[in-house]
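> No sequence on hand, only this structure:
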């Protein structure tokens, strides 16, 4: 993977982590968390995106050949978090009808 990909993963994952936390907070403030599975899906997304942030940060700090390995995992976990976040939004949209 290129050296330029890791900062982009870190930036995107941290932004999406914020969105996940806003969804979680909004569901808890509105007391809709206990009636919806979207809260649990958003928590999974938040944990995945936080892990991706951590791994991509470590890849930025690493100057050895192991960098690519951490970056690959950060990318994979980022995609899991992104899919979970999309799933949480779809569940919220369906349940709010």
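Yep, it's here. Computed from a predicted model, the values in this text were never measured in an experiment.
> Which other helices and strands does the helix or strand containing residue 54 contact?
In the assignment (DSSP states H and E), residue 54 maps to helix 38-61. If you count contacts as 3 or more Cβ pairs under 8 Å, 6 or more residues apart in numbering; DSSP states H and E, helix 38-61 packs onto helix 5-29, helix 67-95. For every residue, glycine as well, the C-beta is placed using N, CA and C.
> List the buried residues of that helix.
By 16 or more other Cβ atoms under 10 Å, the buried positions in helix 38-61 come out as 38-39, 41-53, 55-60.
> Over to stretch 88-97?
For stretch 88-97, the neighbour count (16+ other Cβ under 10 Å) marks 88, 89, 91, 92 as buried.
> Dump the helices and strands packed on helix 38-61 to JSON lines, plus mean pLDDT.
Output for these, formatted as JSON lines (pLDDT from 0 to 100):
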{"stretch": "helix 5-29", "mean pLDDT": "93"}
{"stretch": "helix 67-95", "mean pLDDT": "92"}
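> Give me the angle between the helix holding residue 54 and helix 67-95.
160 degrees (axes from the mean of the first three to the mean of the last three Cα atoms, to 10 degrees).
> Contacts for helix 38-61, please.
Outside helix 38-61, the residues that touch it by Cβ atoms under 8 Å, 6 or more residues apart in numbering are 6-7, 9-10, 13-14, 16-17, 20-21, 23-24, 27-28, 32-33, 67-68, 70-71, 73-75, 77-78, 80-82, 84-85, 87-89, 91-92, 95.
> do stretch 76-93 as well
9, 12-13, 16-17, 19-20, 23, 36-38, 41-42, 44-49, 51-52, 55-56.
> Distance from the chain centre to that stretch, please.
Centroid separation for stretch 76-93 versus its chain: 8 Å, with Cα atoms, centre = their mean, to the nearest Å.
> returning to what we had before: just the buried ones from the contacts of helix 38-61?
With burial judged by 16+ other Cβ under 10 Å, the buried subset of the contacts of helix 38-61 is 6, 9-10, 13, 16-17, 20-21, 23-24, 27, 33, 67-68, 70-71, 73-75, 77-78, 80-82, 84-85, 87-89, 91-92.
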